[in-house]
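# the following block contains a protein sequence and its predicted model.
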Amino acid sequence: MASLNFDHHRSPEVLIQDFNSYVRTLILNRPRYLNALSGEMLSQLLQLFLADEHDAKVKLVILKGNGKAFSVGGDIAEVARLLDSGDWRLGLKATAEVSKLIYLIATYSKPQLSIANGMAMGRGAALYVSSRFRMATENSIFSMPETALGAVPETGASYFLSRLPRFFGEYLALTGAQLDGSEMLACGIATHFVPAAKLVLLEQELLASTGALTSSCDDLVSYVSSIISNYSIQPALKERGSAWHNMDVIEKCFSKSTVQEVVSALEKEATDDIDDGHVNGGNNPWLTSTIESLKKASPISLKIALRSIREGRSQGLGECLVREYRIACRIARGEISTDFREGLSALLVDRDRIKKWEPCKLELLSDQMVDRYFSKLENDDEELKELELPARSNSPAFAKL
C-alpha cells in the first residue's frame with residue numbers, strides 16, 4: 001500500500017507518493033484552486049526534483065495533479081494581491097522559481113513523466129511541456145491564455161511553441177485556443193495518449209518493473225517509453241472544430257510578419273469563405289472564433305508574444321527563459337502598459353465588463369514601445385537582476401522529440 005509522505009515542516013501543496021525507492025511520484029495538491037502554482041509549491045518542487053536527481057535509487061519521477069487539473073498555471077489571486085500592495089518584485093520571485101524549475105525538468109538527467117489528466121494551462125502547461133514524457137488523456141485541455149489577460153506566454157513558451165509545426169505555436173500563443181488530448185498528441189505537445197481508465201494500470205507497471213533495470217539512463221528512457229507505448233493509443237481528432245483540420249489556414253495566416261498582417265489574412269480567409277460558400281454557407285466557426293479571440297486580446301500582448309516566439313525559434317531554452325523573465329518584469333511593473341492589471345481586474349473583480357486595453361488598437365503601438373520589453377533589465381533599474389540559470393549538461397527534453 002502506498003503512503004503519502006510529507007513532514008510537519010512542509011505544506012501538503014506537494015504530496016510525495018512513495019510506492020518504492022525507484023519511482024517517485026509528486027502530486028500537485030491544490031485541487032480547490034485547480035493546482036495553481038503558488039510560490040511555496042514551486043519552492044517545494046525545486047527542492048524535490050533536485051533531491052530526486054541526486055538520489056541514486058530514484059530512476060523515474062512522475063508529476064501529476066490532484067483533481068481535475070494538472071495545473072492551470074500561476075496563482076492569479078496571489079499575483080493580484082502582490083501587485084495591489086505594490087510588492088511586484090516579490091511577485092517576480094515566483095516567475096524566477098518556475099523558470100528555474102522548468103529549466104531543471106527540461107534538462108533532467110533521469111526519465112520524467114508528466115500526466116495531464118485534466119487542464120494544463122499557462123505556466124502549468126509550460127511545466128508539463130518541459131517533461132521528457134508528456135501524457136494526455138481524453139480529459140486533457142491545453143491552453144496558453146495569457147494574451148486575454150494582458151500578459152504573454154512565458155516560462156519557456158517561446159521555446160516550445162516556436163518548435164511546433166507550421167506556425168501552430170503562433171496560433172496557440174496569440175489566440176489562447178484550447179486543445180484536447182488528441183490535438184495535443186497530433187502537434188507534439190503530448191508524447192503519448194493513454195485512456196484515463198488505463199492510467200492506474202500503467203503506473204502500477206512502471207512501479208513494478210522500473211526497479212529491475214540497472215542499465216544506463218538511455219536504456220531507462222527506452223524502457224519507460226516502451227511501457228508507456230503499450231498503453232498508448234492513436235485517438236481520432238474531432239471531426240468539426242479542430243484547429244488541426246485548419247493547418248493550411250494557420251500556416252498561411254500566422255506565418256505573417258506582424259499581428260496586423262495575421263488578422264488581415266484571417267479576415268480575407270473569412271471573406272473568401274463567404275464568397276465561395278464552402279463552409280456552413282460561408283460561416284466557418286473556427287475562423288470566426290479565431291478572429292474574435294485576437295480582437296479581444298491585449299494589443300500590446302499580441303505584439304510582444306509574436307516577437308517573443310519569433311526570437312525563440314533561433315534560441316536555446318535558457319536564452320528564451322532569460323528573455324521571457326525580462327518581459328515578465330516589465331509587465332509586472334506596469335510602467336509601459338497597465339494591461340495586465342486591467343486583465344486581472346476583469347477576471348477577478350468584474351467579469352462582465354469589457355477590458356479597456358491601452359493602447360486599444362494595434363496600429364497605436366510603436367515598435368519602440370515593444371522594444372522596451374526586450375531590453376536588459378539594468379537599462380531600467382539597477383536593482384533588477386537578469387535571471388540566472390544553473391549550468392546543466394543535458395539538452396532540453398522537448399528538443400529531443
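Yep, that arrived.

# averaged pLDDT, the helix or strand containing L90. What do you get?
Under the assignment given by DSSP states H and E, the secondary-structure element containing L90 is helix 88-106. The average pLDDT for helix 88-106 rounds to 93.

# ok, now stretch 18-34?
When pLDDT is averaged over stretch 18-34, the result is 93.

# name the residues of it that are buried.
Applying a neighbour-count criterion of 16 or more other Cβ atoms under 10 Å, one finds 19, 22-30, 33-34 buried in stretch 18-34. Any C-beta I mention is one placed from the backbone N, CA and C, and that applies to glycine too.

# and which of the residues you listed is nearest to R333?
Closest to R333 out of the buried residues of stretch 18-34 is Y33 (25.7 Å), distances taken as Cβ to Cβ.

# for that closest one, which non-adjacent residue is closest in space?
The spatial neighbour of Y33 that comes closest, neighbours along the chain excluded (Cβ to Cβ, 6 or more residues apart in numbering), is D75 at 7.0 Å.

# where in the stretch 301-401 of the chain is pLDDT low?
Where the stretch 301-401 of the chain drops to pLDDT under 70, the residues are 352, 379-382, 398-401.

# can you pull out the helices in it?
Secondary structure of the stretch 301-401 of the chain (DSSP state H, counting those that start in this stretch): helices at 317-333, 339-348, 367-371.

# tell me which of the ones you listed is the most buried.
Ranked by mean neighbour count, these are led by helix 317-333 with a mean of 23 (mean count of other Cβ atoms under 10 Å).

# ok and that helix relative to helix 88-106, angle-wise?
Angle between the axes of helix 317-333 and helix 88-106 is 160 degrees (criterion: axes from the mean of the first three to the mean of the last three Cα atoms, to 10 degrees).

# which elements pack onto helix 317-333?
Judged by 3 or more Cβ pairs under 8 Å, 6 or more residues apart in numbering; DSSP states H and E, the packing partners of helix 317-333 are helix 88-106, helix 157-160, helix 299-312.

# between those, which one is nearest to G169?
With Cβ to Cβ as the criterion, G169 lies closest to helix 299-312 of these, at 5.8 Å.

# let me see the residues that make contact with that closest one.
146-147, 149-154, 157-159, 161-162, 169-170, 173-174, 258-259, 262, 294, 320, 323-324, 327, 336-337, 339, 357, 359-362, 364-365, 369-370, 373-374 (Cβ atoms under 8 Å, 6 or more residues apart in numbering).

# quick check: angle from that helix to helix 317-333?
For the pair helix 299-312 and helix 317-333, the angle between their directions (the same axes, to 10 degrees) equals 170 degrees.

# please spell out which residues along helix 299-312 are buried.
Judged by neighbour count using 16+ other Cβ under 10 Å, the buried positions of helix 299-312 are 299-309, 311-312.

# same deal with stretch 243-253?
Residues 243, 246-247, 249-250, 252-253 are the ones in stretch 243-253 that count as buried (16+ other Cβ under 10 Å).

# any chance of the helices of the stretch 301-401 of the chain in a markdown table with distance to T191 as columns?
As requested, the helices of the stretch 301-401 of the chain are arranged in a markdown table below (distance: least, Cβ to Cβ, whole Å):
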| stretch | distance to T191 |
| --- | --- |
| helix 317-333 | 17 |
| helix 339-348 | 32 |
| helix 367-371 | 34 |
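
# for these, which one sits closest to S395?
Nearest of those to S395, taken as Cβ to Cβ: helix 317-333 at 8.5 Å.

# ok now the closest one, how far from the chain's centre?
If you compare the mean C-alpha spot of helix 317-333 with that of the full chain, they lie 15 Å apart, counting by Cα atoms, centre = their mean, to the nearest Å.

# now could you export just the CA positions of that helix as PDB?
Taking C-alpha atoms only, helix 317-333 is exported to PDB below (Å, rounded to 0.1, in the frame of the first residue of the first chain):
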ATOM      1  CA  LEU A 317      15.700  27.200 -23.800                       C
ATOM      2  CA  GLY A 318      18.000  29.200 -21.400                       C
ATOM      3  CA  GLU A 319      18.000  32.200 -23.700                       C
ATOM      4  CA  CYS A 320      14.300  32.100 -24.000                       C
ATOM      5  CA  LEU A 321      13.800  31.900 -20.300                       C
ATOM      6  CA  VAL A 322      16.100  34.900 -19.700                       C
ATOM      7  CA  ARG A 323      14.300  37.000 -22.300                       C
ATOM      8  CA  GLU A 324      10.800  36.000 -21.000                       C
ATOM      9  CA  TYR A 325      11.800  36.900 -17.500                       C
ATOM     10  CA  ARG A 326      12.700  40.400 -18.800                       C
ATOM     11  CA  ILE A 327       9.300  40.700 -20.400                       C
ATOM     12  CA  ALA A 328       7.600  39.400 -17.200                       C
ATOM     13  CA  CYS A 329       9.400  42.100 -15.100                       C
ATOM     14  CA  ARG A 330       8.100  44.900 -17.400                       C
ATOM     15  CA  ILE A 331       4.600  43.500 -17.400                       C
ATOM     16  CA  ALA A 332       4.600  43.300 -13.600                       C
ATOM     17  CA  ARG A 333       5.900  46.900 -13.200                       C
END
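
# can you get me a residue count around the closest residue to M119 other than its chain neighbours?
Nearest in space to M119, with sequence neighbours left out and distances taken as Cβ to Cβ, 6+ apart, is A69 at 4.2 Å. Neighbours of A69 under the rule other Cβ atoms under 10 Å: 24.

# touching, A69 and P31? I think so.
Yes. Assessed by Cβ atoms under 8 Å, A69 is found in contact with P31 at 7.4 Å.

# packing partners of the helix holding L90?
Under the contact rule (3+ Cβ pairs under 8 Å, 6+ apart), helix 88-106 is packed against helix 39-54, helix 76-84, helix 123-129, helix 317-333.
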